[in-house]
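Novice: how would this look folded up:
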Amino acid sequence: MSKPEFPATADRMQAAYNAWLADNTSGDRELERFLIRHAKRADAPVVVRDRDGGRAAIAAWLHRQLAKGPERLFYHFPDACRDARRPAVLVRRLLDFLKRLEGFREPIPASADAQIEILPNWLARAAARDRLVVVIPHLDALEGVDEGAVLDWLPEFLPAAVRLVVGVAGDAAQRAAVGRGFQSIDAAAQEPLSLPAVELPEALAAVWASRYGLSEAELESLGLAVPQAAGTLLYRVDDRYVLSGAEAQDAVRRHLLPDGVERQQMHVRLAERCFSGKLTARGLDELPWQLAEAAHWEALWEMTLQPAVLEALLEPGWREELVTLWPQLAELEQVCTRYAAALDTWAGDLEPRRLASLIYRLALALEDAGAPGESVLPLLDRAVALKAELDADERIGLRVALAVTLADGQASEQARQELEALLAEAESTLGADAAATRNTRHALATQFEYAGDLAAAASLYRRTLECREQALGGQRHVALIPHLINLAAVLKADNAFDAAKPLYQRALSIAERSYGNAHPTTAACLDNLAGLLYAGQDFTAAEDYYQRALGIAEQAFGPTHPATAASAHNLGTVMDAREQFKAAEELFRRALDIRQAVYGDDHMDTASSLHNLAGVLDAMGRYPEAEPMYRRAVETWEKVVGKEHPATATSVNNLADLLREKGDYAEAEGLYRRNLETWSRLLGEQHPHTVMTRAELAGLYADQGDAVRAEPMLREAVDQTGRIMGVDNMQHINAVTRLAALLRQSGRVDEAKTILRQVSRQVEGKVGLLSPALQKLQRHLEALDVNSDRLH
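Specialist: Reported below is the predicted structural model:
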C-alpha cells in the first residue's frame, strides 16, 4: 500500500471546490481582465476583497490560468477542508509544490518554523527560472491566527517573478495586505453563501469533524443518513461529502458543536466507529488526525506503536505527518525511549528482516525530526544486531548512521576505521557511485576533516567527483556543483588556493549556464569563489564577486533578508581589507541592522557584525564608538557560545588591543591574560593563537616600559612565531621589531641591529623586496641608523 503525494487529496478537493464556485457565479469580468494583465507583468501582489473572500471573484480567472498551463501555478483554498485552514498546511503544500516543480534535493524540514525559514530561498530559486503564480482565495479563513496576521507566514520580500493573488473578506486582513505593499481591489458584490434555514442534522457535525469529508458508507457506520436538505452547505468530492467552505464549517461548529467537549466527543466517535482498525490509505489519513484532534494521546501512542501501522506511516506521504505528530506526543527524547521500550515486543511479532527494516527507517525518521543522537542510539544498536537481515544498501546505511552518531561531530578513530571498512564493502558490493557508497565516502571525508587530515578528505571528495562525472556523462552537469564545492572547500582549508580556484570557477560556470545570473545557487557559487580570492588576498577580484552576489541576494530575497545581510557582511570584509573603511562601515552597519531586526541581539550573526563594525571604527581611530561595540560583541558571544570559545576570544583580543592603544593597560592586561588561558586550554601552548596572545601581552609590558617582564616574553615570542608561523609571517616580524625597539630603549642598539639584519636575511629568501614584512624590517633598521626617537 502506498499513499499519493501529500497534496493529491487536497488538490482534488480544491478542484471540486473550484468547480462549485464556477457553478455558483459568473465572476467579475473587469477583475478578471485586471488579473490577466497582472499575471503577465512584474507587479505588486494583489489582494481582492469581497464578502466571500474573493473566492467567486477569482474563480473564473483561475480556471483560465489552469487551462493555459498549471505547471507553475500553485493554488490553495483554505475553504477546501478543515485541514486546509491551518497555516502550517498551506506552507507545507507550497514547499512540496516547489520541491516537485524544481526538483529540489533538500528535504522539507520537520518543524513549521524551519519551513517558514526556508520558504524565501525556495521561492527565490523557483522564481529565478521562470514566472510563478500563487493564488490563495479567502486567505483570512485560516485558523489559529488573528485576521491581521494572516500573512505572517509569507516572506517580507517576494521576487519580481512571483505573482501573488489573495482574496480576503475582512477589513483587518485587507489592511494587513495593503501594509505589505499589496494592490487592493474591491470586487463586485457577489451573493454570499446562503445558510439554509433548516434544523442542521447531526450528519453535518460528523462531516465537520472529519479531515477530508465522509462517504455515505462512513456516515451509515455512524448511524447517520446523508443530509438531503443541507442546501449549499455540502458538496461532493469523489465519494465524500465536504462542508462547502469556511462559513459552512464555522456555522456547523457554532450551531451543532459549540462546546469543546462536544467537538472532542465527535472526533472520538469518528475515530472509534469509522476508522479504527482500518489499515487503509483512508484510515491512515483520518485516524491519527482524529486522535490528535481529540487529544487522545495515549490512544495515538498505542496506534503508532503497532508495527504494521508504524511501517505504513513511515512510507513517503505519511512519514512527514508522523514527524509532525511526535512533538505533540512528547519530547523527542521520550519518543525515542518509548519506541526503544517496544523493541522486544516487536521482536516477538515480526520476522527479523521486517523488524530490522522497521527499526532502521524509524531511527532515520527520528533523526530527521531532530531527535538527539544519543536518544536514537538504542534503536540503531538494535538494528545493527539485525544487520544481516537487511539489503546491502540498508545495512551499510545503518552502520554509517551509527558510526556518525557515535562520533557526535568529532574526530573518532573508531568511527574512521568503521567507515573505511564500510566504504570498501560499499564499493565492492554496490559500486563506486551508488548513493550509499557516496554517503559513506562523504561521512569518512568528514571524519578526516575533523581530524585535520585535509589531504585524505580531499582525496575522497575527488573520488566522488570523478565517479559523478563518469556517471553523469561529463563535467558540466548541474548535479556536480555540490561535489565541486566540497572538494574546493577542503583544498581551501588546506591553503591549496591554486587547486581550489578552478573548481570554484567551474561550479560558478555550471550554475550560470544552468540557472542564470540571478539565481541563489549562482550567488552561493560567487560567494564561495570570492571567499577563496579574499583568503588569497586578491581583494580586487573578491570585491567584484561579492558585489555580484550581493546584487543577486537583493533581487532574490529583498533588502532586509538574512541572505542579503550575509552578502553585505562579506563584501564589508573585503572593503575592510582594502582599507576602504567608510564603505566597510556602511556595509557592516547594514548587515547589523538586518540581523538585529531578524535575529535579535543574542545571535551569532549579530555578534559577528558587531565585531567587524567595531574593527573598522577602531581602524579609523574612532575609539569611543568602537569600544562599546567590542564590549557588546564580547557580551553577545559569551551568551551564545560561552566565554571559552574562539569567537569570544577573538573579540576579547581586539578589545584588549584597543584598550592598550588608549593606555588602559590594567584592563588590557587582564583581557590578554584571560585569552592566554583560553587559547592554552582550547588549542595548546604551541598554537599560533596562543603564541600571538603571548606576544601581545609582551608588547603591552613593553609599551608600559616594563622591560623586566617584556624582554624574556618578547624573545620567546620571536622564537615561537618564527618556528611555528614562519619567519616571513607578520606576527613574527611584529615580535622582532618590538624586541628591537625594547633593546634600543635600553641602549643596546647594536644587538637590535643584529637581530633585524639576521631576520631580514632570512626573510629575503622567501618574499619579494617590496613585501610588507621586508619593508617593515628595513624601516626599523633605517630608524636605528639615524637614532630615531620612535620606531614605526
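
Novice: can you list the domain ranges for the chain.
Specialist: Taking automatic domain parsing as the criterion, the chain consists of the domains 7-186, 202-275, 685-785.

Novice: now the last one: how far from the chain's centre is it?
Specialist: Think domain 685-785. Centre-to-centre, domain 685-785 and its host chain are 45 Å apart (C-alpha atoms, centre = their mean, to the nearest Å).

Novice: Longest strand in this protein, please.
Specialist: As assigned by DSSP state E, the longest strand anywhere in the chain is strand 162-168.

Novice: so what does that strand touch, helix or strand wise?
Specialist: With contacts taken as 3 or more C-beta pairs under 8 Å, 6 or more residues apart in numbering; DSSP states H and E, strand 162-168 sits against helix 29-40, strand 46-49, helix 55-68, strand 132-136, helix 171-179. Glycine gets a C-beta too; all of them are placed from N, C-alpha and C.

Novice: Columns mean neighbour count on top of the ones you listed, output as JSON lines?
Specialist: As requested, the helices and strands packed on strand 162-168 are exported to JSON lines (neighbours: other C-beta atoms under 10 Å):
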{"stretch": "helix 29-40", "mean neighbour count": "15"}
{"stretch": "strand 46-49", "mean neighbour count": "25"}
{"stretch": "helix 55-68", "mean neighbour count": "21"}
{"stretch": "strand 132-136", "mean neighbour count": "22"}
{"stretch": "helix 171-179", "mean neighbour count": "18"}
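
Novice: Just tell me which of these ends up closest to residue 324.
Specialist: Nearest of the helices and strands packed on strand 162-168 to residue 324, taken as C-beta to C-beta: strand 132-136 at 21.3 Å.

Novice: what's in contact with the closest one?
Specialist: 39, 58, 62, 65, 72-78, 90, 94, 123, 126, 161-167 (C-beta atoms under 8 Å, 6 or more residues apart in numbering).

Novice: pretty sure residue 516 is touching residue 522, no?
Specialist: Yes - between residue 516 and residue 522 there is a contact under C-beta atoms under 8 Å: 6.9 Å.

Novice: okay, those two: which has more neighbours?
Specialist: More crowded of residue 516 and residue 522, by other C-beta atoms under 10 Å: residue 522, with 25 against 13.

Novice: Give me the spatial nearest neighbour of that one, chain neighbours excluded.
Specialist: residue 511 (4.4 Å; C-beta to C-beta, 6 or more residues apart in numbering).

Novice: dump the residue contacts of the closest residue to residue 672 other than its chain neighbours.
Specialist: Spatial nearest neighbour of residue 672, excluding adjacent residues (C-beta to C-beta, 6+ apart): residue 697 at 4.3 Å. Residue 697 sits next to 669, 672, 673, 676, 713 when contact means C-beta under 8 Å, 6+ apart.

Novice: which among these gets closest to residue 363?
Specialist: Nearest to residue 363 among these, with distances taken as C-beta to C-beta, is residue 676, at 44.4 Å.

Novice: number of nearby residues for the closest one?
Specialist: As a measure of burial, residue 676 has 19 neighbours, counting by other C-beta under 10 Å.

Novice: In a strand, it, correct?
Specialist: No - assigned with DSSP: H, G, I helix; E, B strand; the rest coil, residue 676 falls outside any strand and is helix.

Novice: which ones are touching it?
Specialist: Residue 676 touches 690, 693, 694, 697, counting by C-beta under 8 Å, 6+ apart.

Novice: Format those residues as JSON lines; extra columns: pLDDT.
Specialist: Compiled in JSON lines, the contacts of residue 676 are given as follows (pLDDT from 0 to 100):
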{"residue": "690", "pLDDT": "90"}
{"residue": "693", "pLDDT": "91"}
{"residue": "694", "pLDDT": "88"}
{"residue": "697", "pLDDT": "91"}
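
Novice: between those residues, which has the most around it?
Specialist: Most crowded among those, counting by other C-beta under 10 Å, is residue 693 at 26 neighbours.

Novice: So it versus residue 735, what's the distance?
Specialist: In this view, residue 693 and residue 735 are 12 Å apart by C-beta to C-beta, to the nearest Å.

Novice: What of residue 408?
Specialist: For residue 408 relative to residue 735 (C-beta to C-beta), the value is 39 Å.

Novice: more crowded one of these two?
Specialist: Counted by other C-beta under 10 Å, residue 408 and residue 735 do not tie: residue 735 has more neighbours, with 30 against 11.

Novice: so that one, which of the three states?
Specialist: Judged by three-state DSSP, the three-state class of residue 735 is helix.

Novice: Okay, buried residues for stretch 592-607 please.
Specialist: 592, 594, 595, 596, 603, 605, 606, 607 (16 or more other C-beta atoms under 10 Å).

Novice: again with stretch 633-642
Specialist: For stretch 633-642, by 16+ other C-beta under 10 Å, it's 633, 634, 635, 636, 637, 638, 640.

Novice: In helices, which of these fall?
Specialist: The members of the buried residues of stretch 633-642 that map onto helices under DSSP state H are 633, 634, 635, 636, 637, 638, 640.

Novice: Could you verify my assumption that the fourth one touches residue 608?
Specialist: No - when contacts are counted by C-beta under 8 Å, residue 636 is not listed as touching residue 608 (9.2 Å).

Novice: which residues touch the residue nearest in space to the middle of the chain?
Specialist: The chain has residue 118 as the residue nearest its centroid, 6.1 Å off, counting by C-alpha atoms, centre = their mean. Contacts for residue 118 (C-beta under 8 Å, 6+ apart) come out as 95, 106, 109.

Novice: now residue 292
Specialist: Applying C-beta under 8 Å, 6+ apart to residue 292 gives the contacts 300, 325, 328.

Novice: ok, and the closest non-adjacent residue to the last one?
Specialist: With C-beta to C-beta, 6+ apart as the measure, residue 292 is the residue that lies nearest to residue 328, at 6.0 Å, once sequence neighbours are left out.

Novice: got the contact list for residue 552?
Specialist: Taking C-beta under 8 Å, 6+ apart as the test, what residue 552 contacts is 517, 518, 519, 520, 522, 523, 526.

Novice: Which of the helices or strands spans it?
Specialist: Here residue 552 is covered by helix 539-557, with elements defined by DSSP states H and E.

Novice: any idea how far that helix is from the chain center?
Specialist: 20 Å.

Novice: what's the helix or strand for residue 531?
Specialist: Counting by DSSP H and E, residue 531 is found in helix 520-535.

Novice: Restrict that helix to CA atoms and write it as PDB.
Specialist: What follows is helix 520-535, C-alpha atoms only, in PDB (Å, rounded to 0.1, in the frame of the first residue of the first chain):
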ATOM      1  CA  PRO A 520      20.600  32.000  -5.400                       C
ATOM      2  CA  THR A 521      22.700  29.000  -6.400                       C
ATOM      3  CA  THR A 522      24.800  31.300  -8.600                       C
ATOM      4  CA  ALA A 523      25.100  33.700  -5.800                       C
ATOM      5  CA  ALA A 524      26.400  30.900  -3.500                       C
ATOM      6  CA  CYS A 525      29.000  30.000  -6.100                       C
ATOM      7  CA  LEU A 526      30.000  33.600  -6.400                       C
ATOM      8  CA  ASP A 527      30.300  33.900  -2.700                       C
ATOM      9  CA  ASN A 528      32.500  30.700  -2.500                       C
ATOM     10  CA  LEU A 529      34.900  32.000  -5.200                       C
ATOM     11  CA  ALA A 530      35.000  35.400  -3.600                       C
ATOM     12  CA  GLY A 531      35.900  33.900  -0.200                       C
ATOM     13  CA  LEU A 532      38.800  32.000  -1.800                       C
ATOM     14  CA  LEU A 533      40.100  35.100  -3.500                       C
ATOM     15  CA  TYR A 534      39.800  37.000  -0.300                       C
ATOM     16  CA  ALA A 535      41.800  34.300   1.600                       C
END
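
Novice: Alright, calling it a day.
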